[in-house]
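Enquirer: give me coordinates for this.
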Amino acid sequence: MSMSATCPHVHEISGLREPKLSQSVHREECTQCFDNQDGPKGIDVCLVCFNGSCLDSDRHHTRNHALRSGHSFTLNVKRTPKKKVSNRADGEEPPAKMKKLAINEEREEDKYEHATVFKCWKCDLQDGKEVAIDVANASTKRLTDGIMLSLSSARQSEVKAWEEEITACEHTLCLEQLQSGTIPQEGLAHCASCELTSNLWLCLTCGALGCGRAQFGGTGGNGHALAHFNTTQHPVCVKLGTITPEGGADVYCYACNDARVDPELVNHLSTSGINVAAQKKTEKSMTELQIEQNLLFDFSLTAEDGSALQPIFGAGATGLSNLGNSCYMASVIQTLFSLPLFQIRYYGKGPSGTESPYVSPTAAAHWENCTQALPADCLECQMYKLADGLLSGRYSKPHSDHEQAPTDALAHPTPEHTPWQAGLKPAGFKALVGKGHAEFSTMRQQDAEEFFSHLLTVLRRFNHSNTRGVSGQSEPTESNVSSASPCHRVRYRVDTMDVLSLGVPAHELADGEADTGAGEQEAGTIGAPDESGPGKKRYRSVSLEQCLNLLLGPSGQEALEYQCEGGCGKVNAVRQMQFATFPDILVLHAKKFQLVNWVPTKLDIPVILPENDELHLDNYLGHGLQSGEVELPDSSNTSGPSQPEVDVEALSQLEAMGFPTVSCQNALIATGNAGAEVAMEWLIMHMEDPDINVPIQTAGSGSGNAPEPPAEQVAMLADMGFTNAQAKKALRETDGNVERAVEWLFNHPDDTGEDNPPATSSSETKKAPPGSSRLPARYRLKAFISHKGPSVHSGHYVAHIRMPRSDAMDVDGAVSDWVLFNDEKVVRADETSVRDLKKLAYMYIFERE
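Expert: All right, here's what the predicted structure looks like:
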């Protein structure tokens with residue numbers, strides 16, 4: 001069969017070019033759903049933009065792409081696994097599980113067979129016409145090889161995210177060494193301030209030996225190396241025991257607060273009498289410690305009687321494969337898409353069965369009108385893709401061949417012979433949501449609460465010009481400052497927040513001391529499974545109502561010095577926070593942290609929920625300005641720049657703890673000068689923020705005298721739906737920081753961007769906050785996210801979700817309605833684990849009844 005006889009347009013293929021190294025090739029999976037190249041129809045890769053799309057007869061993703069883009073040729077890719085050939089003899093032990101972090105480019109041709117077919121969509125716009133092409137032709141072979149040999153989009157994102165470039169800094173490049181003697185030989189050296197002989201760090205300036213901070217996995221440390229830096233300001237140190245003959249080692253710069261490279265490490269170590277060529281690595285590096293502890297921290301998949309928990313399948317019970325330290329993201333996604341608000345917004349209804357095809361009408365309309373050239377670059381497309389994948393039930397099936405299920409060297413162990421799902425891989429979603437973020441763009445473990453807030457912020461940015469945005473996710477709180485001055489005036493302020501963070505009081509129990517707190521009447525253990533031990537600290541249990549009272553109740557009233565705008569000078573005042581309105585979804589964040597050797601350490605304090613997991617919040621409703629109360633003058637209307645004041649006493653306390661001055665000022669301003677303890681908690685939660693040491697731009701200072709913001713930054717904000725005037729003012733007010741400018745714009749929705757806006761009429765009403773103030777305000781627990789590990793930036797996250805009983809839940813006459821989502825493993829949760837883990841949860845999600 002000749003080429004011209006099969007397709008009159010075939011000559012156009014010779015003019016197409018293979019993908020460049022910088023281009024993503026979506027050959028593994030459809031960019032608009034989770035159908036992939038392993039399916040019966042495979043994936044069609046566009047030969048112009050290299051978008052990947054499926055051939056499903058209900059969703060028409062390839063046909064829609066051809067119509068919208070005008071790109072007429074695709075390469076259909078189908079993949080089938082080759083039969084495995086075992087290289088082990090009978091009875092031979094399997095190889096040990098890989099535990100070192102390594103990204104190796106796997107050879108797909110050794111594992112799979114690939115079948116490719118050219119298709120023309122000009123000839124057949126319904127299904128695409130297969131085109132017979134001479135495979136030996138140079139141009140077509142070049143095109144096919146370019147697609148099949150390129151790094152796939154998912155793999156490209158994975159490799160890029162794992163790359164953690166460690167570079168030199170000014171302190172390692174300009175290191176000045178003082179005369180120092182030879183350090184003791186291996187086994188004889190110990191910390192200069194204590195007797196520790198491991199986890200030792202050598203100061204490269206003076207040769208002092210100090211122990212490091214306590215590390216994951218039980219590696220001891222008292223932070224004396226850090227104390228040495230605080231005293232001497234000698235910034236660079238190297239960890240003994242990690243030095244290799246090749247000149248590698250863990251080098252850390254305390255001034256930069258990050259791992260660094262010392263190009264002259266061999267010469268610098270020789271000053272202390274260390275011959276690098278004779279060294280042997282005896283201790284684990286920081287990367288190895290992190291990977292090892294993430295492998296160790298997992299949640300049991302067995303019931304109290306030792307039996308394996310029952311996997312469930314079907315609509316709303318689809319797992320998410322771990323992409324590498326992505327359990328924080330999976331837990332948040334599963335929780336959000338269990339909420340009716342998210343289900344309606346992105347799927348059009350609740351979870352559906354697979355008996356009849358269903359395509360979300362809003363998703364179909366968006367696919368027709370999406371303004372992005374590639375669905376992989378559109379957040380809305382990726383949210384529809386996630387909703388369809390999680391709620392349709394199409395992908396929630398036991399893997400057809402458990403032996404050939406994809407294996408992950410970093411995966412957690414599971415009970416044998418259990419038919420787990422393969423799990424969806426939301427790599428495109430993760431890359432898009434984390435794009436440009438210093439932390440979420442990497443493959444490092446992150447804080448689930450921080451990701452939850454980040455995701456909602458990203459969604460609001462996208463939906464800024466779309467009134468269909470996600471609702472019900474903000475909790476308006478009302479702050480009341482009552483002055484004890486002669487004028488007795490008050491001020492009310494309403495703020496919106498996505499998460500209500502609750503301080504949890506910590507009272508450590510002595511050995512043998514009984515728990516007389518809120519949970520003393522409850523039977524059972526208070527520790528998470530497999531995490532107890534003889535050296536484990538125990539804490540007195542507290543009730544959730546106690547935590548709420550500490551923030552919103554009478555015990556949350558805070559006395560403070562206040563500069564009265566009524567002309568009374570400095571006076572004593574009382575600040576009280578309560579709900580201005582109640583949200584449809586209430587998200588509570590249990591702050592259980594303690595700063596140990598300058599490392600934020602998680603405390604396993606049991607928090608006891610009310611009976612039947614029901615919250616009654618009527619008593620926490622604020623009522624605004626009352627009869628007889630007189631408001632203080634609005635200081636925001638005064639002209640000229642105003643420098644935010646910080647509590648001098650609290651600032652000195654934070655500085656004494658070793659925090660940089662600018663970070664302390666930012667923390668106090670962000671927390672409203674609520675005190676050193678609250679500011680320290682804020683610092684712990686934001687230690688990794690890229691702008692933590694950037695001074696906050698004061699109000700008014702950005703207008704008039706500030707330079708004109710760069711045009712590309714203005715255009716970036718304008719693309720989100722803001723006017724040029726708004727974008728310019730936001731950038732001036734935030735010293736040119738785009739991310740903070742977006743936050744400023746959302747916090748000032750009524751600001752038109754004029755430096756001197758016209759005075760508003762006194763009769764003009766303020767925009768009502770979201771939510772409702774109707775009573776009663778009753779909530780029931782919908783989900784909770786648990787964490788296992790010493791820090792929220794490491795370890796492992798899972799989500800427990802209360803699901804409506806369905807066919808999947810009624811397996812074997814089950815009565816429990818709690819489901820455990822542990823990455824790709826979705827199981828019916830047993831009552832014991834739910835009871836125990838609920839007390840130690842990190843985040844609680846309540847639905848209003």
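
Enquirer: tell me the contacts of Asp618?
Expert: Leu775, Pro776, Ala777 (C-beta atoms under 8 Å, 6 or more residues apart in numbering). Every C-beta, even on glycine, is put in place using the N, C-alpha and C of the backbone.

Enquirer: next one: it from Ile585, what distance?
Expert: Using C-beta to C-beta, to the nearest Å, Asp618 is found at 18 Å from Ile585.

Enquirer: same check on Thr231?
Expert: 49 Å.

Enquirer: same question for Lys838.
Expert: Note on Lys838: its distance to Ile585, by C-beta to C-beta, is 18 Å.

Enquirer: ok, the two, which is more surrounded?
Expert: Neighbour tally, Lys838 and Ile585, criterion other C-beta atoms under 10 Å: the higher count belongs to Ile585, 23 against 19.

Enquirer: correct me if wrong: that one contacts Tyr844.
Expert: No - taking contacts as C-beta atoms under 8 Å, Ile585 lies outside contact range of Tyr844: 11.0 Å.

Enquirer: not counting the helix or strand that contains Gln546 itself, show me its contacts.
Expert: Assigned by DSSP states H and E, Gln546 falls within helix 544-552. Residues from elsewhere that reach helix 544-552 (C-beta under 8 Å, 6+ apart): 500, 502-505, 518, 555-556, 577-579, 588, 590, 607-610, 615, 617, 620, 844.

Enquirer: 7 Å instead?
Expert: Helix 544-552 has contacts (C-beta atoms under 7 Å, 6 or more residues apart in numbering) with 502-504, 518, 555-556, 577-578, 607-610, 620.

Enquirer: just the buried ones from the residues you listed?
Expert: Neighbour-count burial (16 or more other C-beta atoms under 10 Å) is assigned, among the contacts of helix 544-552, to Leu502, Gly503, Val504, Ala518, Gly556, Met577, Gln578, Val607, Ile608, Leu609, Tyr620.

Enquirer: for the longest helix anywhere in the chain, buried residues please.
Expert: Longest helix of the chain, by residue count under DSSP state H: helix 448-462. Using 16+ other C-beta under 10 Å as the test for burial, helix 448-462 gives 448-456, 458-462.

Enquirer: check which helices and strands it sits against.
Expert: For helix 448-462, the elements it packs on are helix 327-336, helix 379-391, judged by 3 or more C-beta pairs under 7 Å, 6 or more residues apart in numbering; DSSP states H and E.

Enquirer: and the angle for the first one with helix 379-391?
Expert: In this case it means helix 327-336. With axes from the mean of the first three to the mean of the last three C-alpha atoms, to 10 degrees defining the directions, helix 327-336 sits at 80 degrees from helix 379-391.

Enquirer: report all helices and strands that helix 327-336 contacts.
Expert: When contacts are defined as 3+ C-beta pairs under 7 Å, 6+ apart, helix 327-336 sits against helix 448-462, strand 778-788, strand 796-802.

Enquirer: tilt between it and strand 796-802?
Expert: Relative orientation of helix 327-336 versus strand 796-802 (the same axes, to 10 degrees): 10 degrees.

Enquirer: average pLDDT for helix 327-336, rounded please.
Expert: Averaged across helix 327-336, pLDDT comes to 94.

Enquirer: could you list the low-pLDDT ranges of the stretch 701-849 of the chain?
Expert: Applying pLDDT under 70 to the stretch 701-849 of the chain flags residues 701-707, 721, 746-750, 754-768, 790-794, 805-816.

Enquirer: ok, which stretches of it are strands?
Expert: In the stretch 701-849 of the chain, the segments counted as strands under DSSP state E, counting those that start in this stretch are 778-788, 796-802, 818-822, 825-828, 843-848.

Enquirer: report the contact partners of Asn36.
Expert: Glu28, Glu29, Ile43.

Enquirer: stretch 728-741: end-to-end distance?
Expert: With C-alpha to C-alpha, to the nearest Å as the measure, stretch 728-741 spans 9 Å from end to end.

Enquirer: pull out the buried positions in it.
Expert: Using 16+ other C-beta under 10 Å as the test for burial, stretch 728-741 gives 728-738, 740-741.

Enquirer: coming back round to it: in a markdown table, list the helices and strands packed on helix 448-462 along with distance to Arg345 and mean neighbour count.
Expert: A markdown table is the format used below for the helices and strands packed on helix 448-462 (distance: least, C-beta to C-beta, whole Å; neighbours: other C-beta atoms under 10 Å):
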| stretch | distance to Arg345 | mean neighbour count |
| --- | --- | --- |
| helix 327-336 | 10 | 26 |
| helix 379-391 | 8 | 23 |
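
Enquirer: quick check: Ser396 touching Thr318?
Expert: Yes - assessed by C-beta atoms under 7 Å, Ser396 is found in contact with Thr318 at 4.1 Å.

Enquirer: quick check: of the contacts of Asn36, which has the highest neighbour count?
Expert: The member of the contacts of Asn36 that has the most neighbours, counting by other C-beta under 10 Å, is Ile43 with 28 neighbours.
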